[in-house]
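Undergrad: predicted model follows, preceded by the sequence.
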Amino acid sequence: MRSKWKGAYCSPELKNILIDSFSDLETENKSKDPREDPRAQQDSDLDQAPGGPLALKGIGTKQKPYLVYSRSSTILPDFIGKFVNIHNGHTWKTLEIKHLHVGYKFGELAITKKSPRYKMKFKK
């Protein structure tokens with residue numbers, strides 16, 4: 001069991017991914033004047049769209065998943081809503097991180113072994 005003072009283990013690669021995603025959000029949110037923000041005009045156009053506001057925003061479209069090789073890393077709250085591909089040694093398993101997954105390890109969510117397929121025995 002890992003010591004509490006060390007905190008949850010998360011590989012440096014995953015921490016870099018989180019830092020990059022937060023820096024991208026900060027650059028998107030920096031706007032000096034709301035009148036200069038083109039998204040304000042876009043949002044008003046979306047409300048008047050024939051399919052409603054959700055039709056044009058791309059709701060339901062998947063983002064590019066992050067590749068996770070470190071199965072021993074703990075899922076942090078910063079990963080909620082992100083898609084990850086977890087390597088199970090043979091293939092990749094795509095998973096959307098939800099609040100229920102926080103605190104678990106990535107390896108717990110990607111099964112590495114096949115379930116056995118028993119052949120039916122026929123009576124003679």
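TA: Structure's in. What do you need?

Undergrad: which SS state does residue 95 fall under?
TA: Classification of residue 95 using DSSP: H, G, I helix; E, B strand; the rest coil returns strand.

Undergrad: quick check, pLDDT for it.
TA: We have a pLDDT of 90 for residue 95.

Undergrad: contacts only, for it.
TA: 83-86, 101, 109-110 (CB atoms under 8 Å, 6 or more residues apart in numbering). The C-beta positions use only the backbone N, C-alpha and C, and glycine is treated the same way.

Undergrad: what's the answer for residue 76, then?
TA: Going by CB under 8 Å, 6+ apart, residue 76 touches 8, 10, 18, 102.

Undergrad: so which strand or helix has the closest residue to residue 11 other than its chain neighbours?
TA: Closest residue to residue 11 apart from its sequence neighbours, by CB to CB, 6 or more residues apart in numbering: residue 70 at 3.9 Å. Per DSSP states H and E: residue 70 is located in neither a helix nor a strand.

Undergrad: wait, residue 70 sits on residue 14?
TA: Yes - under the criterion of CB atoms under 8 Å, residue 70 makes contact with residue 14 at 6.7 Å.

Undergrad: residue 110 - how many residues pack around it?
TA: For residue 110, the number of neighbouring residues by other CB atoms under 10 Å comes to 20.

Undergrad: pLDDT value on residue 85, please?
TA: 91.

Undergrad: phi, psi for it please.
TA: When quoted as degrees, to the nearest 10, the phi and psi of residue 85 stand at phi -110, psi 120.
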